[in-house]
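Participant: What would the 3D arrangement of this be:
(one chain, ligands or ions: 2)
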Amino acid sequence: MGKAILFSAPSGCGKTTIIRELMQYFDCFDFSISATSRQPREGERDGVDYYFLSHDDFKRRVAAGDFLEWEEVYQGTCYGTLKSEVDRIWDAGRVIVFDVDVNGGHSIKRWFGTDALSIFVMPPSVEVLEQRLRSRGTDSEESIRKRLARSARELEEAPQFDVTIVNDDLQRAVQETRTVIEKFLNE
Ligand code: ADP
Ligand code: 5GP
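Facilitator: Ligands and ions are numbered 1, 2, ... in the order given. Predicted structure coming up:
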């Protein structure tokens, strides 16, 4: 077994932004590309940001036992971690980086135990989270409402993660995350 870093938070808290910064710093990181049945956003690429599957193909792969965990995160939209991603990354001797919702975070942490560091990315406030989802400019009003509706319950689960990082000032949040990851990797 190798090691894994797991990021969870409600959508819009800044996981993708923080992970992008960290990938430039940690050469050993490789991102676990999730599968999803949602449509790509502008600029997102199949096999880079996600494996974009139709709903039927997603369900076929669930039935085939291809997922380590999967979740219908929003009604009608599924996301899941493929077992093949774990093999791909660990076979190459690298550290896996996961970006999953809070339930997925609990499943992965249970699976990997102390081999995974679980990090919860906290927004400075719910108001700022809403502003960020709007300013990202990638989601419809309906999609933003779905994300906000789910966020309140997800935020309550922060204490169950190994570390909570408040993403107010981005550079400070990235620095703090780097410090906890370096400690974990050197343990
Ligand atoms: P997630 O991956 O958790 O859904 P994103 O990384 O897409 O969130 O971030 C949501 C939006 O908030 C993006 O437009 C991003 O540029 C912005 N953002 C992220 N972190 C910060 C920050 N510390 N300060 C201001 N804006 C931020
Ligand atoms: P988005 O549509 O904003 O890319 O992602 C929506 C939510 O789905 C985010 O909270 C993200 O972390 C989560 N997510 C992405 N991939 C996975 C996955 O493989 N499994 C689970 N459980 N959630 C995921």
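Participant: Relative to M23, how far out is the closest residue to ligand 2 within the chain?
Facilitator: Closest to ligand 2 within the chain is G104: 2.4 Å, counting by Cβ to the nearest ligand atom. In this view, the C-beta of every residue, glycine as well, is placed from N, C-alpha and C. Computed as Cβ to Cβ, to the nearest Å, the G104 to M23 distance reads 20 Å.
Participant: do V102 as well
Facilitator: Counting by Cβ to Cβ, the gap between V102 and M23 amounts to 22 Å.
Participant: who has more neighbours, these two?
Facilitator: V102 (22 against 13; other Cβ atoms under 10 Å).
Participant: Surely that one is in contact with E154?
Facilitator: Yes: judged on Cβ atoms under 8 Å, V102 makes contact with E154 at a distance of 4.4 Å.
Participant: Report the set of residues contacting both of the two.
Facilitator: Residues touching both V102 and E154 (Cβ atoms under 8 Å, 6 or more residues apart in numbering): A9, P10.
Participant: and the residue nearest to A116 when sequence neighbours are not counted, what is it in contact with?
Facilitator: Once flanking residues are discounted, A116 sits nearest to A4: 4.2 Å by Cβ to Cβ, 6 or more residues apart in numbering. The neighbours of A4, taking Cβ under 8 Å, 6+ apart as the test, are V95, I96, V97, F98, I108, F112, D115, A116, L117.
Participant: Let's see that with 7 Å instead.
Facilitator: V95, I96, F98, F112, D115, A116 (Cβ atoms under 7 Å, 6 or more residues apart in numbering).
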